[in-house]
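Visitor: got a structure for you, letters missing:
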């Protein structure tokens, strides 16, 4: 997961030996694992989606609106993620996600969702590296998170240079010890699986050099 925030997540997945996806989801403010139980006034509304993007609902880990694009992303390539949170006057927030396809040199719209009973800009920014296929726990995987920026409502870009390494209950209860995070080059990294040692102390703080060249994006041309 590349761009995580308090109300949802945005990143990439390996879904099978032949399928990979760009995934963007927003949780409903109604606490449930069953999307069918969400009251109509608290459901996530899809406002728009990109070409070939699948959209619907999800459950089991909370519930809400989900979208994904089947896309053959490749290990070792650098991909860009752009996420916008826009609080509205009717006590809702619109979240819109774009993925930059380097092969086409364009930003692709994934989806735009409206979340009711919410009035906030993006907060609780985070990323994670997850293996949900237990049979592949003997394989080490690593993700590198570089060039992180945020842009405020006045159009001012700020480089992010500090991150805290955290872990889920699998690591905190010491069921698995093959986890790590830190700095690689001038970027953050996360690593897990494969039974490697040593690991990294959970809740360690890491810093990179603050970048000076903000992204150049023509927001008027985004789909």
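Guide: That came in fine, so what should we check first? Just so it is clear, the model here is predicted, and its values are computed rather than measured.
Visitor: give me the nearest residue to residue 67, chain neighbours excluded.
Guide: Counting by Cβ to Cβ, 6 or more residues apart in numbering, residue 111 is the residue found nearest to residue 67 once chain neighbours are left out, at 3.7 Å. Every residue, glycine included, has its C-beta placed from N, CA and C.
Visitor: report the separation between the one you found and residue 51.
Guide: 11 Å (Cβ to Cβ, to the nearest Å).
Visitor: and for residue 183?
Guide: Counting by Cβ to Cβ, the separation of residue 183 from residue 51 is 37 Å.
Visitor: kindly report the same for residue 99.
Guide: 12 Å.
Visitor: ok, residue 123 next?
Guide: Residue 123 is 30 Å from residue 51, by Cβ to Cβ.
Visitor: do the same with residue 82
Guide: From residue 82 to residue 51 the distance is 17 Å (Cβ to Cβ).
Visitor: higher neighbour count, those two?
Guide: Per other Cβ atoms under 10 Å, whichever of residue 82 and residue 51 has more neighbours is residue 82, with 20 against 8.
Visitor: so what's the residue count around the closest residue to residue 133 other than its chain neighbours?
Guide: With sequence-adjacent residues excluded and distances taken as Cβ to Cβ, 6+ apart, residue 133 is closest to residue 14, at 8.0 Å. Each residue near residue 14 was counted by other Cβ under 10 Å, and the total is 16.
Visitor: go ahead and confirm residue 14 touches residue 22.
Guide: No. Residue 14 lies out of contact with residue 22 (Cβ atoms under 8 Å); the separation is 11.8 Å.
Visitor: now do the shared contacts for those two.
Guide: Shared contacts of residue 14 and residue 22, defined by Cβ atoms under 8 Å, 6 or more residues apart in numbering, are absent.
Visitor: count of residues packed around residue 217?
Guide: Residues near residue 217, counting by other Cβ under 10 Å: 16.
Visitor: I'd assumed it was in a strand, is it?
Guide: No. Judged by DSSP: H, G, I helix; E, B strand; the rest coil, residue 217 forms no part of a strand; its state is coil.
Visitor: nearest spatial neighbour of it, skipping sequence neighbours?
Guide: Here the residue nearest residue 217, using Cβ to Cβ, 6+ apart, is residue 82, at 7.0 Å.
Visitor: what's the pLDDT at the one you found?
Guide: Listed pLDDT for residue 82 reads 98.
Visitor: could you do residue 129 as well?
Guide: Among the per-residue scores, residue 129 holds a pLDDT of 97.
Visitor: likewise for residue 187?
Guide: pLDDT, read off for residue 187, is 98.
Visitor: list the contacts of the residue lying closest to it once chain neighbours are set aside.
Guide: Distance criterion Cβ to Cβ, 6+ apart; nearest residue to residue 187, sequence neighbours excluded, is residue 146 at 3.2 Å. By Cβ under 8 Å, 6+ apart, residue 146 lies in contact with 78, 185-188.
Visitor: now for the closest residue to residue 84 other than its chain neighbours, how many residues are close by?
Guide: Counting by Cβ to Cβ, 6+ apart, residue 84 lies nearest to residue 96, which is 4.6 Å off, once chain neighbours are set aside. For residue 96, the count of nearby residues is 20 (other Cβ under 10 Å).
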